[in-house]
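Enquirer: Sequence and predicted structure are below.
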Amino acid sequence: MPIGRIEEIVSERINPQEYFASLIEQLSLLEFITLDKKQQILYETIEILKNMMERHSGGSSSLSKENSQMLLDGIQFVIALALKQCTLSNAISLLIQYSINDIYQMGLTVGKEYVLAVTKDIATLQADCIDTKLEVYNDTVYGGLSGFLKVYNFTFTPHQKEITVDYIALLPINYLDGIEYIRQYVRYLQYENIFCKQFSRNKVDALLQRYHKDYWYLIFNISEVILIEAIGLAILQKDIQTLLVSKKDRNLLLQQLQGYSKEELSKVLMSAYYDVMQQLPKVNQEIHNYFYQCMNHIYDVVYHALEIREVKQIFL
Amino acid sequence: MLDLKKMQQEVQIQSINEIMQCNKVTSNYGIVISQKQALELMKVHQEIIQELGRMSVNYHVIKTLIIAFCNSAFINKYNQQEIFYELIEIFYYYRDALDTFISDEQIVSYMQCAYEGPCQGSLEYLGDAILEKIIDDIMAGKDILEEIQYAYWKD
């Protein structure tokens, strides 16, 4: 079977959270790697595990089942870090041409670079964060992320994400663990911060006050509230920087949006979304792509509000 | 995820040969491990590990114990099998009790010293009173090997 076809089949079946193990399994099922090669990969992984067990315990060749599995999961995570650096066909070639220990060493290099980059990114995020009273945001940005750096152990448990992330990013992060998860989370928060900072601090604060008078105790995403409000204003062709939908405007929005079919509503929301993004000078393509992916969720929120005729909860 | 149990089975086959290679050394002392005995030792190893809720991806401990104890005055070709079974069991009781304080090699050296010295070949004493002594010595921050050697000379 040609590598292109293999790549196609494997990419559909691969489990992103068990990248290494599922890649090996699929390649073996497709008989792209022989049983001997699979065995060899297994032995080489055991060798790494053996060394890690001895390092972890200070010279013991046995550990509790939980700790042994934890170390094995960590090894697989590091190997996957290296494999994910290249295209699937190159990852397959890597598995065939290099020893597992070589790939593991490559993964260690990648992971260490990630840790350094994330440490810098967290410092930047904390320096440029949104000036808000929302406790969950401040606790996560200052406490949670700094706490993660303190407890994260890339050597033995690189796949674990012992972190208090109570402030949820607008776009859910699926299938990522350890440093990959935090890297993505910090990146998402940076996009959201840049977006939120395009609006006046006072206007944002007033908007959040209308969201709930004691908003600082609640758990919600700030950029979601701002984006929906701005989209509402864009639909009405009003100044999005006001972040204020009057009662009259709200009724207008309800009347206008309720008449649309699902497809029409989606089109109107997307068109308004493009309007909003065009008016924000600091929103680059990367940030635009991020919020574009969030639009499915925004559509669901607006659709649900229209269904129960409660738009005053989203257009504030 | 890769399964540890499956990995252990793979290692078993490779390990029989490694244990048999001990014969190059042990035969000098009249101790020879047959393939059947090697398998039995691995079985005991697995059972005790499972009983203690531990996991090991090799049988290095068996090899280390055989090499360390083959020249013992208390072990001969008639009792070797039974004694090695018990030594593996006792080793893991030590390992479990001592957690990550000391390495496998240190435990084996300590057991060997105690077995030849204060225990005078008594496995019961080795697995009971001596285990308590090593825990106490470690907790007190003492040099365990020095402590057991001193106990030997004192006796």
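Expert: Yes, it's here. Residues are numbered from 1 along each chain as shown, chains lettered A, B, ... in the order given.
Enquirer: Quick one: the helices in the stretch 151-300 of chain A, in order.
Expert: Here the stretch 151-300 of chain A has its helices, by DSSP state H, counting those that start in this stretch, at A:178-196, A:201-211, A:222-235, A:247-258, A:262-278, A:285-307.
Enquirer: And for chain B?
Expert: For chain B, the helices defined by DSSP state H occupy B:4-20, B:23-26, B:35-51, B:60-69, B:80-98, B:104-116, B:123-127, B:129-139, B:144-154.
Enquirer: Distance to chain A added to those, as JSON lines?
Expert: The way it works is simple: take the backbone N, C-alpha and C, and place the C-beta from them, glycine included. As requested, those are exported to JSON lines (distance: least, Cβ to the nearest Cβ, whole Å):
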{"stretch": "helix B:4-20", "distance to chain A": "6"}
{"stretch": "helix B:23-26", "distance to chain A": "20"}
{"stretch": "helix B:35-51", "distance to chain A": "6"}
{"stretch": "helix B:60-69", "distance to chain A": "5"}
{"stretch": "helix B:80-98", "distance to chain A": "6"}
{"stretch": "helix B:104-116", "distance to chain A": "5"}
{"stretch": "helix B:123-127", "distance to chain A": "17"}
{"stretch": "helix B:129-139", "distance to chain A": "12"}
{"stretch": "helix B:144-154", "distance to chain A": "14"}
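Enquirer: Make JSON lines out of these and add mean neighbour count and mean pLDDT.
Expert: Shown next, in JSON lines, are the helices of chain B (neighbours: other Cβ atoms under 10 Å in any protein chain shown; pLDDT from 0 to 100):
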{"stretch": "helix B:4-20", "mean neighbour count": "15", "mean pLDDT": "75"}
{"stretch": "helix B:23-26", "mean neighbour count": "15", "mean pLDDT": "94"}
{"stretch": "helix B:35-51", "mean neighbour count": "16", "mean pLDDT": "91"}
{"stretch": "helix B:60-69", "mean neighbour count": "20", "mean pLDDT": "94"}
{"stretch": "helix B:80-98", "mean neighbour count": "19", "mean pLDDT": "92"}
{"stretch": "helix B:104-116", "mean neighbour count": "21", "mean pLDDT": "90"}
{"stretch": "helix B:123-127", "mean neighbour count": "17", "mean pLDDT": "91"}
{"stretch": "helix B:129-139", "mean neighbour count": "16", "mean pLDDT": "83"}
{"stretch": "helix B:144-154", "mean neighbour count": "16", "mean pLDDT": "65"}
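Enquirer: Make CSV from those and add distance to A:S271 to it.
Expert: As requested, those are exported to CSV (distance: least, Cβ to Cβ, whole Å):
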stretch, distance to A:S271
helix B:4-20, 54
helix B:23-26, 81
helix B:35-51, 64
helix B:60-69, 67
helix B:80-98, 67
helix B:104-116, 68
helix B:123-127, 79
helix B:129-139, 72
helix B:144-154, 76
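Enquirer: Of all those, which one is nearest A:G74?
Expert: Nearest to A:G74 among the helices of chain B is helix B:4-20 (13.1 Å), distances taken as Cβ to Cβ.
Enquirer: in the stretch 1-150 of chain A, what spans have low per-residue confidence?
Expert: Applying pLDDT under 70 to the stretch 1-150 of chain A picks out residues A:1-2.
Enquirer: Would you map the helices across it?
Expert: A:3-13, A:19-29, A:35-57, A:65-83, A:88-97, A:100-127, A:135-138, A:145-151.
Enquirer: winner for burial among these?
Expert: helix A:65-83 (a mean of 22; mean count of other Cβ atoms under 10 Å in any protein chain shown).
Enquirer: and that helix, what other elements does it pack with?
Expert: With contacts defined as 3 or more Cβ pairs under 8 Å, 6 or more residues apart in numbering or on different chains; DSSP states H and E, helix A:65-83 has these neighbours: helix A:19-29, helix A:35-57, helix A:88-97, helix A:100-127, helix B:4-20, strand B:54-56.
Enquirer: which residues does whichever residue of the stretch 1-150 of chain A sits closest to chain B contact?
Expert: Of all residues in the stretch 1-150 of chain A, A:G59 sits closest to chain B, at 2.3 Å by Cβ to the nearest Cβ. Contact analysis of A:G59 by Cβ atoms under 8 Å, 6 or more residues apart in numbering or on different chains lists B:I102, B:S103, B:D104, B:E105, B:Q106.
Enquirer: need the contact list for the last one.
Expert: By Cβ under 8 Å, 6+ apart, the residues touching B:Q106 are A:G59, B:I144, B:L145.
Enquirer: which one of those sits closest to A:L254?
Expert: A:G59 (70.4 Å).
Enquirer: Run a quick neighbour tally on the closest residue to chain A within chain B.
Expert: Closest to chain A within chain B is B:S103: 2.3 Å, counting by Cβ to the nearest Cβ. Residues near B:S103, counting by other Cβ atoms under 10 Å in any protein chain shown, number 16.
Enquirer: So it sits against A:G58, correct?
Expert: Yes - counting by Cβ atoms under 8 Å, B:S103 touches A:G58, with 6.1 Å between them.
Enquirer: any idea what sits nearest the residue of the stretch 151-300 of chain A found nearest chain B, other than its immediate chain neighbours?
Expert: Closest residue of the stretch 151-300 of chain A to chain B, Cβ to the nearest Cβ: A:H159 (10.2 Å). In this structure, A:H159 finds its nearest non-sequential neighbour in A:F77, 3.7 Å apart by Cβ to Cβ, 6 or more residues apart in numbering or on different chains.
Enquirer: Surely A:L252 and A:L236 touch.
Expert: Yes - between A:L252 and A:L236 there is a contact under Cβ under 8 Å: 6.4 Å.
Enquirer: out of these two, which sits in the more crowded spot?
Expert: More crowded of A:L252 and A:L236, by other Cβ under 10 Å: A:L236, with 19 against 16.
Enquirer: The more buried one: what's it in contact with?
Expert: By Cβ under 8 Å, 6+ apart, the residues touching A:L236 are A:V245, A:D249, A:L252, A:L253.
Enquirer: Between which two of those is the distance greatest?
Expert: The distance between the two most remote of those (Cβ to Cβ) is 9.2 Å, for A:V245 and A:L252.
Enquirer: how many neighbours does A:Q285 have?
Expert: A:Q285, neighbours per other Cβ under 10 Å, totals 8.
Enquirer: Can you tell me how far it is from A:Q279?
Expert: Per Cβ to Cβ, to the nearest Å, A:Q285 is found 16 Å from A:Q279.
Enquirer: With A:H288 instead?
Expert: A:H288 is 12 Å from A:Q279, where distance means Cβ to Cβ.
Enquirer: Could you do A:Q76 as well?
Expert: Distance from A:Q76 to A:Q279, by Cβ to Cβ: 46 Å.
Enquirer: ditto for B:Y93
Expert: As judged by Cβ to Cβ, B:Y93 and A:Q279 stand 72 Å apart.
Enquirer: what do you get for A:E307?
Expert: For A:E307, the distance to A:Q279 - Cβ to Cβ - is 29 Å.
Enquirer: Compare those two (neighbour count), which wins?
Expert: Comparing A:E307 with A:Q279 by other Cβ under 10 Å, the one with more neighbours is A:Q279, at 15 against 9.
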